[in-house]
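**Q** below are the sequence and a predicted model for it; my questions follow.
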Amino acid sequence: MILYSFEKFNESRDTNDPLMVKLRAEAIQRLKEIEKLKASKEKNNAEKALDKKIQKDVKQIERLKFKLEELQNKSTEVYKDMENDPDVELEGGRVANHYGSILNRIDKQIQKVRKQIEILENPVLASKKLETPVKIGVFDN
């Protein structure tokens, strides 16, 4: 039977005790393993966050491409309406100016959407903030 005595503590002898040295070494090893696990978890969390951001960007690009297609279709529709409208004068006028202003608004929106798509598709430009989202409105003919 081994009895432990805590009455006398000789620091120089007890800190260099082989058993204590071994226990400290094991404790240090466990702490290193815990730090490795924490680091790997942080890395996995960072990778997951990056994957989520990439997925979010891909979805946003898809939405923007859909908006771009809608705007291009609307522009084509306005051109067709303008060609078929008998009130449009070749040299300009009130009706031609009306169609022109509609087409100018659509073209500005197309440029904004293309710029947003370019920013999202190019990782270097992705650090820049996007302009305000483009809202697709209803245009009066």
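**A** Perfect, I can see it now.
**Q** I'd like the distance between the spatially most central residue of the chain and residue 59.
**A** Closest to where the C-alpha atoms of the chain average out (Cα atoms, centre = their mean) is residue 53, at 4.0 Å. As judged by Cβ to Cβ, to the nearest Å, residue 53 and residue 59 stand 11 Å apart. All C-beta atoms are positioned from the backbone trio N, CA, C, and that covers glycine.
**Q** repeat for residue 73
**A** From residue 73 to residue 59 the distance is 21 Å (Cβ to Cβ).
**Q** ok, the residue nearest to the centre of the chain - contacts?
**A** With contacts defined as Cβ atoms under 8 Å, 6 or more residues apart in numbering, residue 53 has no neighbours.
**Q** helix or strand for it, which one?
**A** Element membership for residue 53, per DSSP states H and E: helix 18-84.
**Q** check which helices and strands the helix or strand just after that helix is in contact with.
**A** Using DSSP H and E, the helix or strand that directly follows helix 18-84 along the chain is helix 94-121. Secondary-structure packing of helix 94-121 (3 or more Cβ pairs under 8 Å, 6 or more residues apart in numbering; DSSP states H and E): helix 18-84.
**Q** what stretches of the protein score poorly on pLDDT?
**A** Residue ranges of the chain with pLDDT under 70: 1-15, 123-141.
**Q** can you rerun that using 90?
**A** Scanning the chain for pLDDT under 90 picks out 1-59, 82-97, 99, 117-141.
**Q** got a list of what the nearest residue to residue 117 once chain neighbours are set aside touches?
**A** Distances taken as Cβ to Cβ, 6 or more residues apart in numbering put residue 64 closest to residue 117, at 5.0 Å, once the chain neighbours are dropped. Neighbouring residues of residue 64 by Cβ under 8 Å, 6+ apart: 113, 116-117, 120.
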